[in-house]
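Q: Starting from these lines, generate the structure:
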Amino acid sequence: MNRTSIRALLVEDNPGDAQLIRTYLRDAGGTDGFEVDLTHVDRLSQALRLLEDDQTDVLLLDLALPDSTGSATLEEVRRKNQDLPVVVLTGQSNTRVALRAVEQGAEDYLVKGHLDGDRLLRAIRYAIVRSEHRRTERALMMYQKELQVAWKIQHSLYPDASPLLAGCHVAGASYPAETVGGDYYDYIPMRDEQFGVVIGDASGHGIGPAMLMAEARATLRTLAQTYRGVDEIVTIANRILIEGMLDNHFITLILVRLDPHRQTLEYASAGHPPGYVFDAAGHVVIELDSTNMPIGILPDEQFSSSGPVQLERGQIVLLLTDGVLEAGRPGRKPFGPDRVKAVVREHRRLSPSLIVDALYRRILEYCHPNLPHDDMTMIVIKIDHDEAGLPMQAAAAEAADT
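A: Below you'll find the predicted structure:
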């Protein structure tokens, strides 16, 4: 769903209140990164018929309607659509009913006498985020006792394929140390024809971290359609995710926004290991360091971003999780950043997917006869690699020889 144009259904029998809400949304629309396309009906029965088409992103619901009142109104909506974000509208004398509706599954409530455009937009935005957060959590909780099913869910969160971007090529892979891992990566369409690449690591191993990363994925994808700044996206994601995180749990991640046309990147890193930008000769020219703490430490943390980083033809961007750096076996030092850089330099002329594969195989050789003890995730971005690198047939042959 395109969050820059949100389809809202208003169920309100008072024409004056309905017109006021329409005016608020019209005047405030676009100031916060998205427009609201409002449809108005004055009966619950009309709303239920419209919901059958599944063309509504959020419902603004008065609980005192001619054909339904009180909590029964929300119950009818939930029978029709369990996951639809709902914001309850109430008069000052009915706040108790509204609070009960929130307990029954509404995302928020607003008092009509205290409305303005900013409050309406904020309530709509967070209702959608909370609804997706809750839906992901509910779907994953169903499978806590079945690790194999959870494994399938975790792998369904990974991208089906690398994105096709002008001016660069991208590939990534994640290798869990257990049936379900805490690492995660994703490719996210963003506003203004830009593209997001994210890689993260939830503390711990097993189903708990995997569920947390699934929630992070849904949250980041939602926010990326509303907000442009990577610092703002990570800041708000932290506020949302920390509410459901257990003590001593946290997430490190780096979110990169790529501008394929200008060949620039901008990133925000939440306590994540540094990424690297290699030049065409395979030397590191930029380290993508983190100046922020991980997600889940402080709810009011303001995350910063790097500012635009100019990329050039032939350069390679590598993002990874700490499992890559810390891989090893007893009696040997960790694989470490120097070996990582050496592998990329050695295989720099290959495609991104073959660089990822070469790095993974080199780590397995280094750990042999043991297996890596931590999840490992890698993303490689190569600028203009079809022109600057080898033809695919030659690249595949070179990879087979390494």
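
Q: what about the strands in the stretch 51-200 of the chain?
A: In the stretch 51-200 of the chain, the strands defined using DSSP state E, counting those that start in this stretch lie at 58-62, 64-65, 68-69, 86-90, 108-111, 164-165, 168-175, 183-189, 195-202.

Q: In CSV: those strands, plus mean neighbour count and distance to Asp13.
A: The way it works is simple: take the backbone N, C-alpha and C, and place the C-beta from them, glycine included. Shown next, in CSV, are the strands of the stretch 51-200 of the chain (neighbours: other Cβ atoms under 10 Å; distance: least, Cβ to Cβ, whole Å):
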stretch, mean neighbour count, distance to Asp13
strand 58-62, 24, 7
strand 64-65, 18, 5
strand 68-69, 18, 10
strand 86-90, 25, 11
strand 108-111, 19, 16
strand 164-165, 12, 49
strand 168-175, 20, 51
strand 183-189, 22, 39
strand 195-202, 25, 42
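
Q: for the chain, longest helix please?
A: Criterion DSSP state H: the longest helix present in the chain is helix 117-141.

Q: residues of stretch 261-274 that come out buried?
A: Within stretch 261-274, the residues that count as buried by 16 or more other Cβ atoms under 10 Å are 263, 265-274.

Q: do the same with stretch 7-18
A: Under the neighbour-count criterion of 16+ other Cβ under 10 Å, stretch 7-18 has 8-12, 14, 17-18 buried.

Q: what do you get for stretch 236-251?
A: Buried positions in stretch 236-251, judged by neighbour count with 16+ other Cβ under 10 Å: 236-242, 245, 249-251.

Q: go on, stretch 356-364?
A: By neighbour count on 16+ other Cβ under 10 Å, the buried set for stretch 356-364 is 356-360, 362-363.

Q: Out of those residues, which sit inside helices?
A: Residues from the buried residues of stretch 356-364 lying in helices, with DSSP H as the criterion: 356-360, 362-363.

Q: quick one on the thing from earlier: among the buried residues of stretch 236-251, which one sits closest to Val197?
A: Nearest to Val197 among the buried residues of stretch 236-251 is Ala237, at 15.3 Å by Cβ to Cβ.

Q: circling back to that earlier point, now that we have the ones in helices among the buried residues of stretch 356-364, can you turn them into CSV and tack on pLDDT?
A: As requested, these are arranged in CSV below (pLDDT from 0 to 100):
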residue, pLDDT
Val356, 98
Asp357, 98
Ala358, 98
Leu359, 98
Tyr360, 97
Arg362, 98
Ile363, 97
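
Q: Those into a markdown table, with extra columns for distance to Phe278?
A: Below are these laid out as a markdown table (distance: Cβ to Cβ, whole Å):
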| residue | distance to Phe278 |
| --- | --- |
| Val356 | 14 |
| Asp357 | 17 |
| Ala358 | 14 |
| Leu359 | 13 |
| Tyr360 | 18 |
| Arg362 | 16 |
| Ile363 | 18 |
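
Q: got a list of what Thr69 touches?
A: By Cβ atoms under 8 Å, 6 or more residues apart in numbering, Thr69 lies in contact with Leu63.

Q: circling back: which of the buried residues of stretch 236-251 lies closest to Val88?
A: Of all the buried residues of stretch 236-251, Ile240 has the smallest distance to Val88: 20.3 Å, by Cβ to Cβ.

Q: that older thread, how about the buried residues of stretch 7-18 in TSV, adding secondary structure and distance to Glu132?
A: Listed next are the buried residues of stretch 7-18 as TSV, based on DSSP: H, G, I helix; E, B strand; the rest coil; distance: Cβ to Cβ, whole Å:
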residue	secondary structure	distance to Glu132
Ala8	strand	16
Leu9	strand	18
Leu10	strand	21
Val11	strand	22
Glu12	coil	25
Asn14	coil	30
Asp17	helix	28
Ala18	helix	27
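
Q: Among the residues you listed, which pair sits farthest apart?
A: The most widely separated members of the buried residues of stretch 7-18 are Ala8 and Asn14, with 17.0 Å between them, by Cβ to Cβ.

Q: Give me the domain ranges for this structure.
A: The chain is divided into the following domains under automatic domain parsing: 5-140, 158-401.

Q: ranges for the strands of the stretch 251-400 of the chain?
A: Taking DSSP E, counting those that start in this stretch, the strands of the stretch 251-400 of the chain run over residues 251-259, 264-270, 275-278, 284-288, 309-310, 316-320, 376-383.
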